[in-house]
Structures are given as structure tokens and as C-alpha cells.
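Asker: make a model of this:
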Amino acid sequence: MGDRSAFFYGTLMAPQVLHRVIYGTTTPTSSQISRLKIVPALLNRYMRHRVCECDYPAVIPSKAPNACVRGTYVQGLTAEDQWRLDLFEGDQYDRVKVRPRLLDEDGQEMNEIETETYIWIDKEVGLEEGEWDFEEFRREKMRRWVGGNDEEYQEVDEAVRERNDPTGGRGANGHITEKLEIRNKDEEEVLGSAV
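Answerer: So this is what the prediction gives:
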């Protein structure tokens with residue numbers, strides 16, 4: 001079990017999306033599932049917004065007295081998981097320390113804990129005014145994220161392959177080998193047309 005934790009407030013609240021990012025599959029083993037402890041939590045003094053023309057949200061700090069974001073607190077993450085999550089979140093977000101409050105089974109606030117979350121650092125003009133709706137995401141959009149469309153995870157998958165590739169991309173399925181094969185094919189076509 002890992003010693004890291006995070007607060008998630010968007011697509012990563014769905015276990016299938018979280019598992020796809022950190023394990024590379026929407027159907028992890030039972031030991032992988034049991035490694036994580038997921039608890040509902042509330043992050044005060046932040047607001048969640050829809051990102052323009054996207055399925056996912058962003059949070060930003062808020063001075064509104066009642067501002068809060070409901071999400072999940074996940075324990076048991078490893079350094080490798082965190083690396084994959086950083087890739088998944090991309091450069092529109094920054095991982096920062098926050099202090100959400102855990103929620104009990106009845107939704108009552110309990111103790112405050114310190115963890116990290118991903119805060120929007122891109123231009124706020126890229127955010128819509130409305131609140132992002134997790135239930136709407138689950139009902140109408142999640143299948144695009146876990147139903148065989150791996151586009152959202154491509155960058156993470158490629159980085160993991162490269163990181164775990166002892167050939168540095170030069171092996172049979174490496175990215176360098178693929179580029180060389182394409183170039184060789186192009187050269188063969190040019191030579192073939194010259195004959």
C-alpha cells in the first residue's frame with residue numbers, strides 16, 4: 001500500500017477512471033482495488049467549474065463564504081500512481097496541498113486532513129460559470145472515458161511504456177522503432193517509384 005493520498009473532485013471520483021489512470025485498466029485485480037481507501041470528503045473555500053467544451057471540471061480558490069466542493073479522499077497511492085496522475089492532469093493543473101474534511105456515512109463533516117489536489121492554473125476564461133455535475137458525467141459521458149476509448153489516456157500510456165522500456169524506445173514496439181519503420185517504408189516507396 002502506498003503512503004500518498006489525494007482529493008479528487010471530477011472524473012477521478014469514478015473508480016473506473018481512477019483505476020484506468022493508475023493501473024492502466026478499468027478492471028484491476030482485487031489486490032489493486034483493496035490497496036486504495038476511498039472516502040467522501042469536502043473541500044471548503046474552493047469552487048468547481050465546468051471546463052469549456054470538456055467533460056471534466058476544475059477547482060479554483062473562492063472567497064465566497066459557503067464555497068465548497070464535494071469529492072473523494074483517496075489513500076494508498078504510490079509515487080508511481082502520483083506520476084501517472086500528474087501526467088493525466090496535464091499542464092492546466094498544479095498539484096497543491098489542501099485541507100479537506102472527511103465525511104461520515106450520513107454526510108456529516110468529520111476531521112480535517114492534509115492531502116493534495118489538482119488546482120486549475122490556466123486562464124479562468126476557460127471555465128464556465130456553472131457547477132460541474134458528477135452524476136451527469138456518470139450517466140452521459142463516462143462511457144467515453146472507460147468504454148474502450150483510450151484517447152484520454154494515450155499520453156499516460158505512452159509515458160509509462162517509455163519509462164518502463166529498458167530499450168529507451170528502441171525495442172520492437174518502441175516509439176523510435178516505429179518512426180524508423182515509417183521512414184524506411186517512405187524511403188522504399190520513393191526508391192520503388194524511381195525504378
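Asker: outside of stretch 54-63, which residues touch it?
Answerer: By CB atoms under 8 Å, 6 or more residues apart in numbering, the surrounding residues in contact with stretch 54-63 are 9-11, 43, 45-51, 69, 92-93, 117-120, 122, 124, 126-127, 132, 137, 141, 144-145. Where C-beta positions appear, they are placed from N, C-alpha and C, glycine not excepted.
Asker: the longest strand in this structure is where?
Answerer: As assigned by DSSP state E, the longest strand anywhere in the chain is strand 68-77.
Asker: that older thread, buried ones among the contacts of stretch 54-63?
Answerer: Listed as buried from the contacts of stretch 54-63 are 9-11, 43, 46-51, 69, 92-93, 117-120, 127, 132, 137, 145; burial here means 16 or more other CB atoms under 10 Å.
Asker: show me the residues you listed that map onto helices.
Answerer: Trp145 (DSSP state H).
Asker: what segments of this structure are strands?
Answerer: 4-8, 37-44, 46-50, 57-61, 68-77, 93-98, 101-103, 109-112, 115-120.
Asker: need these in CSV with distance to Ser30 and mean pLDDT, can you?
Answerer: Output for the strands of the chain, formatted as CSV (distance: least, CB to CB, whole Å; pLDDT from 0 to 100):
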stretch, distance to Ser30, mean pLDDT
strand 4-8, 21, 98
strand 37-44, 15, 96
strand 46-50, 32, 95
strand 57-61, 30, 96
strand 68-77, 14, 97
strand 93-98, 29, 97
strand 101-103, 25, 96
strand 109-112, 28, 93
strand 115-120, 25, 98
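Asker: export those strands to JSON lines and tack on distance to Pro15?
Answerer: Formatted as JSON lines, those follow (distance: least, CB to CB, whole Å):
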{"stretch": "strand 4-8", "distance to Pro15": "10"}
{"stretch": "strand 37-44", "distance to Pro15": "7"}
{"stretch": "strand 46-50", "distance to Pro15": "19"}
{"stretch": "strand 57-61", "distance to Pro15": "17"}
{"stretch": "strand 68-77", "distance to Pro15": "9"}
{"stretch": "strand 93-98", "distance to Pro15": "20"}
{"stretch": "strand 101-103", "distance to Pro15": "17"}
{"stretch": "strand 109-112", "distance to Pro15": "22"}
{"stretch": "strand 115-120", "distance to Pro15": "17"}
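Asker: and of those, who's closest to Val17?
Answerer: strand 4-8 (9.2 Å; CB to CB).
Asker: so the residue nearest the centre of the chain versus Val17, what's the distance?
Answerer: In the chain, the C-alpha nearest the mean C-alpha coordinate belongs to Phe88, at 4.2 Å (CA atoms, centre = their mean). Note on Phe88: its distance to Val17, by CB to CB, to the nearest Å, is 9 Å.
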